[in-house]
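Asker: what's the 3D shape of this:
(2 chains)
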2 protein chains.
Amino acid sequence: MENFTFYSPTKFAFGKDAENECGALVKEFKGTKALLHYGGGSVIKSGLLDRVKKSLDGQGIPYVELGGVQPNPRDGLVYEGIELCRKEGVDFIIGVGGGSAIDSAKAIALGVPYDGDFWDFFCDKAEAKTAIPTATVLTIAAAGSEGSPNSVITKEEGMVKRGAGSDLIRPVFSILNPALTQTLPPYQTACGATDIMAHVFERYITNTKNVECTDRLCEAILITMINETPKALKNPDDYDARANIMWAGMVAHNNIVGVGREHDWNSHGIEHELSGLYDVAHGAGLAVVMPAWMTYVVDQDVMRFAQSAVRVWGCQMDFQNPKKTALEGIAAFKCFLSSIGMPVTFAELGAKEEDIPVLASNHPVGDGKTGGFVALSKRDIENIYRLAL
Amino acid sequence: MENFTFYSPTKFAFGKDAENECGALVKEFKGTKALLHYGGGSVIKSGLLDRVKKSLDGQGIPYVELGGVQPNPRDGLVYEGIELCRKEGVDFIIGVGGGSAIDSAKAIALGVPYDGDFWDFFCDKAEAKTAIPTATVLTIAAAGSEGSPNSVITKEEGMVKRGAGSDLIRPVFSILNPALTQTLPPYQTACGATDIMAHVFERYITNTKNVECTDRLCEAILITMINETPKALKNPDDYDARANIMWAGMVAHNNIVGVGREHDWNSHGIEHELSGLYDVAHGAGLAVVMPAWMTYVVDQDVMRFAQSAVRVWGCQMDFQNPKKTALEGIAAFKCFLSSIGMPVTFAELGAKEEDIPVLASNHPVGDGKTGGFVALSKRDIENIYRLAL
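Answerer: Predicted coordinates for the structure are as follows:
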């Protein structure tokens, strides 16, 4: 096992009507004026935003608003948010929505106290020294941003998607009310589930040996997703299924299932180019990329994939031919993704074979190699896209 | 699933030589003068205390020392520590050792800023409003106190063992170096493993339905302990086995495996009287109590025990007779405890049948009933002790 630091200081208020605690929590964490940052109409139509405002009003906490966050959130709105916060003296940011609203909120939190361009943090030009506190009211189980130190923003110029990470933007609190996810369309539910499972697999497929505790925790979350996602799709109002998925989504990405080992994250990198170019849902892109990536790298550690096949997918171990078991596990993953309505090929996603060279060129690997489970060159990345055709 | 709050703000520095980060971490968390609080000679003999001191010196952080914490830590030393901290102007407490040193440190942290008797917090006479920050350097994987909001102290008068809980005494940081546990005698290693497994079972055996995510996380930790404990006993220097156990011990008790459901905790309550009266190791007492308790309450939910038998212990499900499977699981647990050198009967523990009425009388249940999975009367508790004969 490798040395690690684990730090997840976020306070999670989880359950029915939890959004009504928002005002009290802002007060507990010393916020005096808040920015409510959100996307489109759904948080307004559902009445969620009004309930959050009422909760802030109840505690006498003033706020300003900035809506309009898009999926794959853009830098333009982040600049707007930074300016608004400075002008209004905001000292607390609340992202209301899914990963996009939260990531945008985190980027604003980094930018407000920073003299330079906030994009510096997203292209490794600067490391954050301070940020204003961020909190979340989550409406989609997917990105795990409610418990993570990460933010992913798309630069409008060239549609380049990049991430930043710092403990400073771990939310001080996150409100998770599973009932809010009951109105999600099936496609979004499934995209979220795929993203959650991908967050686990990026940590699970590792070259580090003998991290039994983390392995078992990864498998616990994967099995939970396999059992609960179909329930939520069959009966969207199944509160318990929604609750298990929503909590699994947090656990999958606050890194409790990733400590003590190398991670991979190549599938996320390869997917970012897809959703950057075609503006498709991140989860849908992952459903296309991840099984292809697994198939491409399976020989690096057949027994690890066989372990996952047996423990997660319930395959029978073929002791004479472990690779057969390993491939059965990957096939079971792909089959599961199809069964929940995800695209698993370029064609199903609406991506084009002729764009593959561009996609591979967009990947920041350049002429070098990525890190992770298997270091990949631009050529490898092209091959993985082709496996996904 | 039930509503819940999950809050585990402790920063964990995990790995080889992690104790050398102690000074920097005290500084990060704004400590200016520390109390080093520990037990007997082992932390001195091993050189650990010197390394911690050197790390504090390196950051220019002054400290005072108070050793002498006993297993089942006593109120007397807590009073002494409170007085010392007040006299010396200590604003940061570092428990160096196992659960006893840490629990004693937490009790001191509660007592220093409190006008009344710190025992008020342990007999529900007062709720803590403030505490000075506590940190830990852990030497035994067992109590989980390094990530928990709890402290258990024994009042010397009458040897009464009671607990207090508050987020104020969650450690601000905890240093976990698995190599420090390599010198533990096998009996202590096994006692610790039993305590860890008990922390999970107290959360796993619940009447709350449909908390799949928490169930699976519980099972992950139990399986980890079943696989790793024998490795650590066979080869005490197996760093990875020690690391998996040490991390599992934290995960088992910071409540990530307990959210969204009712807990039990009757076995801990029943055990506290055993270790209170006989001054035996808490883990050894639990090894005697827990299988007896399970046998006594199995009919409350046969399928839950069968689930544990199949998923955790690898039993074959008897679909015609689930209770047979449930009992096989309990037998497997008892057999496992014996295999790692734990006592599983009163006789093996050195407890006496004739003391059973006294033990049951000491339990704070009085003429009422406990809560939990099955509410127990004094009579039930006597019956459980008898099942453990």
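
Asker: near chain B, which residues of the stretch 201-350 of chain A?
Answerer: The stretch 201-350 of chain A comes close to chain B at residues A:209-214, A:216-217, A:219-221, A:223-224, A:227-228, A:239-241, A:243-244, A:247-248, A:251, A:256, A:259-260, as judged by C-beta under 8 Å from any C-beta of the partner chain. Yep, even glycine has a C-beta here, placed from its N, CA and C like the rest.

Asker: Now, of those, which are buried?
Answerer: A:210-214, A:216-217, A:219-221, A:223-224, A:228, A:239-241, A:243-244, A:247-248, A:251, A:256, A:259-260 (16 or more other C-beta atoms under 10 Å in any protein chain shown).

Asker: doesn't A:G158 fall inside a helix?
Answerer: No. According to DSSP: H, G, I helix; E, B strand; the rest coil, A:G158 belongs to no helix; its state is coil.

Asker: Next, give phi and psi for it.
Answerer: The phi/psi pair for A:G158 (degrees, to the nearest 10) reads phi 90, psi 0.

Asker: and it, how many residues sit next to it?
Answerer: A:G158: 9 surrounding residues under other C-beta atoms under 10 Å in any protein chain shown.

Asker: and what of A:M317?
Answerer: 16.

Asker: That one and A:K323, how far apart?
Answerer: Distance, A:M317 to A:K323, using C-beta to C-beta, to the nearest Å: 12 Å.

Asker: Out of the residues of the stretch 201-350 of chain A next to chain B, list just those in helices.
Answerer: A:212-214, A:216-217, A:219-221, A:223-224, A:227-228, A:239-241, A:243-244, A:247-248, A:251 (DSSP state H).

Asker: Pull the number of nearby residues for the residue nearest to A:E80 when sequence neighbours are not counted.
Answerer: Distances taken as C-beta to C-beta, 6 or more residues apart in numbering or on different chains place A:L66 nearest to A:E80, at 6.7 Å, with adjacent residues excluded. If you count neighbours by other C-beta under 10 Å, A:L66 ends up with 22.

Asker: Can you name the residues that contact A:I94?
Answerer: A:22, A:26, A:34-37, A:52, A:63, A:105, A:134-137 (C-beta atoms under 8 Å, 6 or more residues apart in numbering or on different chains).

Asker: Verify the contact between A:G39 and A:G99 for me.
Answerer: No. If you go by C-beta atoms under 8 Å, A:G39 and A:G99 don't touch, sitting 10.4 Å apart.

Asker: These two: who's more crowded?
Answerer: A:G99 (32 against 22).

Asker: Which residues are in contact with that one?
Answerer: A:140, A:142-145, A:152, A:195, A:282.

Asker: Check the gap between A:D167 and A:P9 for me.
Answerer: When A:D167 is compared with A:P9 (using C-beta to C-beta), they lie 8 Å apart.

Asker: Out of those two, name the residue with the larger neighbour count.
Answerer: A direct count of neighbours by other C-beta under 10 Å for A:D167 and A:P9 places A:P9 higher, at 17 against 13.

Asker: In contact with the residue lying closest to the more buried one once chain neighbours are set aside, which residues?
Answerer: Nearest in space to A:P9, with sequence neighbours left out and distances taken as C-beta to C-beta, 6+ apart, is B:P9 at 3.8 Å. For B:P9, the contact set (C-beta under 8 Å, 6+ apart) comprises A:8-9, A:11, B:170, B:172.

Asker: Which members of those are the farthest-apart pair?
Answerer: A:K11 and B:V172 (14.6 Å; C-beta to C-beta).

Asker: Just the buried residues of stretch A:61-68, please?
Answerer: Buried residues in stretch A:61-68 (16+ other C-beta under 10 Å): A:61, A:63-64, A:66-68.

Asker: Looking at these, which is nearest chain B?
Answerer: Using C-beta to the nearest C-beta, A:I61 comes nearest to chain B of the buried residues of stretch A:61-68, at 19.9 Å.

Asker: what's the closest non-adjacent residue to that closest one?
Answerer: A:V26 (5.4 Å).

Asker: residues contacting the one you found?
Answerer: A:34, A:56, A:59, A:61, A:92, A:94, A:135.

Asker: CA atoms only for whichever strand or helix holds it, dumped as PDB, please.
Answerer: Element membership for A:V26, per DSSP states H and E: helix A:22-28. Only the C-alpha atoms of helix A:22-28 are listed here, as PDB (Å, rounded to 0.1, in the frame of the first residue of the first chain):
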ATOM      1  CA  CYS A  22     -29.300  25.300   4.000                       C
ATOM      2  CA  GLY A  23     -29.600  28.600   5.900                       C
ATOM      3  CA  ALA A  24     -28.600  27.100   9.200                       C
ATOM      4  CA  LEU A  25     -25.600  25.400   7.600                       C
ATOM      5  CA  VAL A  26     -24.400  28.700   5.900                       C
ATOM      6  CA  LYS A  27     -24.600  30.300   9.300                       C
ATOM      7  CA  GLU A  28     -22.700  27.400  11.000                       C
END
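
Asker: hmm, back to that, hey, what's in contact with both of A:M317 and A:K323?
Answerer: With C-beta under 8 Å, 6+ apart as the test, A:M317 and A:K323 both reach A:A306.

Asker: Please name the residues that touch the closest residue to chain B within the stretch 251-389 of chain A.
Answerer: With C-beta to the nearest C-beta, the shortest gap between the stretch 251-389 of chain A and chain B falls at A:I256, namely 6.3 Å. A:I256 sits next to A:6, A:8, A:217, B:251, B:256 when contact means C-beta under 8 Å, 6+ apart.

Asker: Pull the most distant pair out of the residues you listed.
Answerer: Counting by C-beta to C-beta, the most remote pair of these is A:S8 and A:L217, 13.4 Å apart.

Asker: Can you list the buried residues in the helix holding A:V26?
Answerer: A:22-27.

Asker: hmm, back to that, most neighbours, which of the contacts of A:I94?
Answerer: Going by other C-beta under 10 Å, A:H37 tops these with 33 neighbours.

Asker: Setting aside sequence neighbours, what's the nearest residue to that residue?
Answerer: A:H37 sits nearest to A:A105 (C-beta to C-beta, 6+ apart), 4.6 Å away.

Asker: Just the pLDDT at the one you found, thanks.
Answerer: pLDDT, A:A105: 98.

Asker: swap in A:H272?
Answerer: Predicted confidence (pLDDT) for A:H272: 88.

Asker: Check which helices and strands the helix or strand harbouring it is in contact with.
Answerer: Applying DSSP H and E as the criterion places A:H272 in helix A:266-278. In terms of contacts (3 or more C-beta pairs under 8 Å, 6 or more residues apart in numbering or on different chains; DSSP states H and E), helix A:266-278 is packed against strand A:160-165, helix A:186-204, helix A:282-297, helix A:356-362, helix A:378-387.
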